[in-house]
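Enquirer: build me a model:
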Amino acid sequence: MTITFWTEDKIAKAEKLWKEGLSAREIANLFGSKKNTVINMAHRNRDRFPSRQDTWHPQPKADPPVQPIRHPDRVTRVTLSGAHVTMPRVPCIDGPAEP
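Expert: Here you go, the predicted structure:
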């Protein structure tokens with residue numbers, strides 16, 4: 001016969017603490033266990049322990065696109081790393097300056 005650490009009473013108390021926003025580590029400290037024990041129990045009872053990933057990493061709000069300032073003597077290029085850089089216009093490559 002094996003004795004399980006998570007009794008129904010402990011799960012109910014952990015569920016209440018989870019919904020109050022305590023982290024898995026904080027709940028584990030209260031129960032005298034380890035963080036992974038709480039995480040595994042929460043995974044097994046996913047209906048009672050909803051994921052909080054969205055609240056931990058909120059998505060940044062998208063700002064409206066900013067129109068770049070165009071300089072007649074400079075052009076924007078994209079480097080191999082994907083960075084946008086502004087460089088002097090080269091007439092033989094970029095053509096004549098825009099009016």
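
Enquirer: all helices of this structure, in order?
Expert: Ranges of helices in the chain, per DSSP state H, are 8-19, 24-31, 35-44, 53-56, 91-94.

Enquirer: weakest of those by average pLDDT?
Expert: Lowest mean pLDDT within the helices of the chain: helix 53-56, at a mean of 57.

Enquirer: what about Val85, neighbour count?
Expert: 10 (other C-beta atoms under 10 Å). All C-beta spots, glycine's among them, are computed from the backbone N, C-alpha and C.

Enquirer: beta partners of it?
Expert: Counting by DSSP bridges, Val85 forms beta bridges with Arg77.

Enquirer: and it, what's its pLDDT?
Expert: 85.

Enquirer: and it, what is it in contact with?
Expert: 76-79 (C-beta atoms under 8 Å, 6 or more residues apart in numbering).

Enquirer: and the residues you listed, which is closest to Thr86?
Expert: Thr76 (5.5 Å; C-beta to C-beta).

Enquirer: need the residues that contact stretch 8-15.
Expert: Contacts of stretch 8-15 (C-beta under 8 Å, 6+ apart): 6, 27, 31, 38, 41-42, 45, 48-49.

Enquirer: please apply the same query to stretch 89-99.
Expert: With contact meaning C-beta under 8 Å, 6+ apart, stretch 89-99 is reached by 70, 72-75.

Enquirer: 10 Å - rerun?
Expert: The contact list for stretch 89-99 (C-beta atoms under 10 Å, 6 or more residues apart in numbering) reads 70-75, 77, 87-88.

Enquirer: export the helices of the chain to TSV and tack on mean neighbour count and distance to Pro65?
Expert: Shown next, in TSV, are the helices of the chain (neighbours: other C-beta atoms under 10 Å; distance: least, C-beta to C-beta, whole Å):
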stretch	mean neighbour count	distance to Pro65
helix 8-19	14	39
helix 24-31	17	39
helix 35-44	16	40
helix 53-56	8	25
helix 91-94	8	24
